[in-house]
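**Q** kindly return the folded structure for what I paste below:
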Amino acid sequence: MSTILIAFASIGEETDSLVEMVADELRQTDHAVTVGRCEDAPDAGAFDAVLIGSDLSGRDWLPAAKSYLDRNAEVLAERPTFLFQRVAGRSRSLPGSVEDRAPGAVHRWCHRSGLGEVQRFGPGDAPAVRTWAYLVGITLLEQVDLGWR
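**A** Presented below is the predicted three-dimensional model:
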């Protein structure tokens, strides 16, 4: 079992629902999950893994999410970190490169930190959200079992 933080920034209830779906799936894979808005989220260093998400504002992440990434960059580079974003239109779920998915500042942060992807979700993507969160949970269980952290 890992302790997981989901920090997120949103401008609508859709992202709040998405985050709860992710948290529920992670709890189903036996992890302890804390959820908080980026403005008030605890320090990432207190958790084994971190998920950070944001609505898009225009073509960029919300300032609170980008600020959380910047404030915690050093700590996030030392632990499993997963990024996701919610788009207003139907997403092109799952495969794709960071360039296809992440807005400029977040793409640069991913490149600097060595993270390889930002998962993108849109309306009607609940099955993809649940699948992705389940796979994150299983990945973290495997890391604990293999002693990767």
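**Q** does F8 touch G53 like I think?
**A** Yes: under the criterion of Cβ atoms under 8 Å, F8 makes contact with G53 at 4.3 Å. C-beta coordinates here come from the backbone N, C-alpha and C atoms, glycine included.
**Q** give the residues shared as contacts by those two.
**A** Residues touching both F8 and G53 (Cβ atoms under 8 Å, 6 or more residues apart in numbering) are T15, V19, A65.
**Q** what sits up against the biggest helix by length in the chain?
**A** Criterion DSSP state H: the longest helix present in the chain is helix 126-145. With contacts defined as Cβ under 8 Å, 6+ apart, helix 126-145 is touched by 1-2, 4, 18, 21-26, 28-31, 48-49, 51, 80, 82, 84, 91, 93-94, 119, 121, 148-149.
**Q** for this protein, which segments are assigned as strands?
**A** For the chain, the strands defined by DSSP state E occupy 3-9, 32-37, 49-57, 60-61, 81-86, 118-121.
**Q** okay if I get the ones you listed as a markdown table plus mean neighbour count and mean pLDDT?
**A** Formatted as a markdown table, the strands of the chain follow (neighbours: other Cβ atoms under 10 Å; pLDDT from 0 to 100):
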| stretch | mean neighbour count | mean pLDDT |
| --- | --- | --- |
| strand 3-9 | 23 | 96 |
| strand 32-37 | 16 | 97 |
| strand 49-57 | 23 | 90 |
| strand 60-61 | 22 | 84 |
| strand 81-86 | 24 | 90 |
| strand 118-121 | 24 | 84 |
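**Q** switch the ones you listed over to CSV; also include distance to A128.
**A** Shown next, in CSV, are the strands of the chain (distance: least, Cβ to Cβ, whole Å):
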stretch, distance to A128
strand 3-9, 17
strand 32-37, 19
strand 49-57, 14
strand 60-61, 19
strand 81-86, 10
strand 118-121, 6
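**Q** follow-up on the earlier one: any buried residues in the longest helix of the chain, and which?
**A** For helix 126-145, a neighbour-count test (16 or more other Cβ atoms under 10 Å) marks A128, V129, W132, A133, V136, G137, L140, Q143 as buried.
**Q** most widely separated two among those?
**A** Pairwise distances across these peak at 22.6 Å for A128 and Q143 (criterion: Cβ to Cβ).
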